[in-house]
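Got a predicted model here, sequence first, then my questions.
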Amino acid sequence: MVDDLEDICKLLSETQTIAVVGFSRDKTKTSREIADYLVDRGYHVVGINPFYKEENSDGIKVYSSLADVPFDIDIVDVFRRSEDIPGIIGDVLKKKPKVLWLQQGIRNDAAVKPVIDDGIIVIQDKCIAVYNSLCKPFLHN
């Protein structure tokens, strides 16, 4: 797991594509606000929501699952409850992003163990927007 600010900043500076798992239809929900924030910072963002009926949401392409995304993902950014994390691990292992990022308030050490064992970096209980802001002097975006 990565907890050091400098290491997180390096990861964010090397990131191009972020998949937001738990992307909401509601523009006032945190997942949606942060997805829009990341787009504004120059990242290519896709939403993941099996119940979303539109393919595009204000320029963000929405997929039913990680498995449906037809290209590589650098960071899988998760907005799901801690107890729901085991349900996404299989897709994360198949997709093999560089980073599995569980948003602030989300942590499940047992569920992410196979991801860590597979060499994927895991960040838990941290807000990607907060870290993006902290890393601003180091980022190219």
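Received the coordinates, thanks.

okay, CA-based contacts and neighbour counts for the rest of this
Will do.

Show me where the protein has its strands.
Secondary structure of the chain (DSSP state E): strands at 17-21, 44-48, 56-57, 60-63, 75-78, 99-102, 121-123.

Mean neighbour count for these - can I get that in TSV?
Output for the strands of the chain, formatted as TSV (neighbours: other CA atoms under 10 Å):
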stretch	mean neighbour count
strand 17-21	24
strand 44-48	25
strand 56-57	14
strand 60-63	21
strand 75-78	25
strand 99-102	25
strand 121-123	20
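
Compare the ones you listed and say which comes out lowest on pLDDT.
Of all the strands of the chain, mean pLDDT reaches its minimum on strand 56-57 (a mean of 69).

For the chain, which segments are assigned as helices?
5-14, 30-40, 86-95, 109-117, 128-134 (DSSP state H).

so of the ones you listed, which one's packed in deepest?
Highest mean neighbour count of these: helix 30-40, a mean of 18 (counted as mean count of other CA atoms under 10 Å).

now what about it, what contacts it?
Val20, Gly22, Phe23, Ser24, Arg25, Asp26, Lys27, His44, Val45, Gly47, Phe79, Ala129 (CA atoms under 8 Å, 6 or more residues apart in numbering).

Report pLDDT for Lys136.
Confidence at Lys136, expressed as pLDDT, is 74.

Show me the shaky parts of the chain.
1, 53-54, 57, 137-141 (pLDDT under 70).

Would you point out which residue is most central in it?
Nearest residue to the geometric centre of the chain (CA atoms, centre = their mean): Asp77, 1.3 Å.

contacting residues around that residue?
Asp77 neighbours (CA under 8 Å, 6+ apart): Ile18, Ala19, Val20, Val21, Leu100, Trp101, Leu102, Gln103, Ile128.

May I see the residues you listed organised as CSV, with distance to Ala67 added?
CSV is the format used below for the contacts of Asp77 (distance: CA to CA, whole Å):
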residue, distance to Ala67
Ile18, 14
Ala19, 11
Val20, 13
Val21, 12
Leu100, 15
Trp101, 17
Leu102, 18
Gln103, 21
Ile128, 22
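
Which single one of those is nearest to Ile121?
Leu100 (6.2 Å; CA to CA).

Quick one: closest of the strands of the chain to Pro114.
When the strands of the chain are compared by CA to CA, strand 121-123 sits nearest Pro114, at 10.5 Å.
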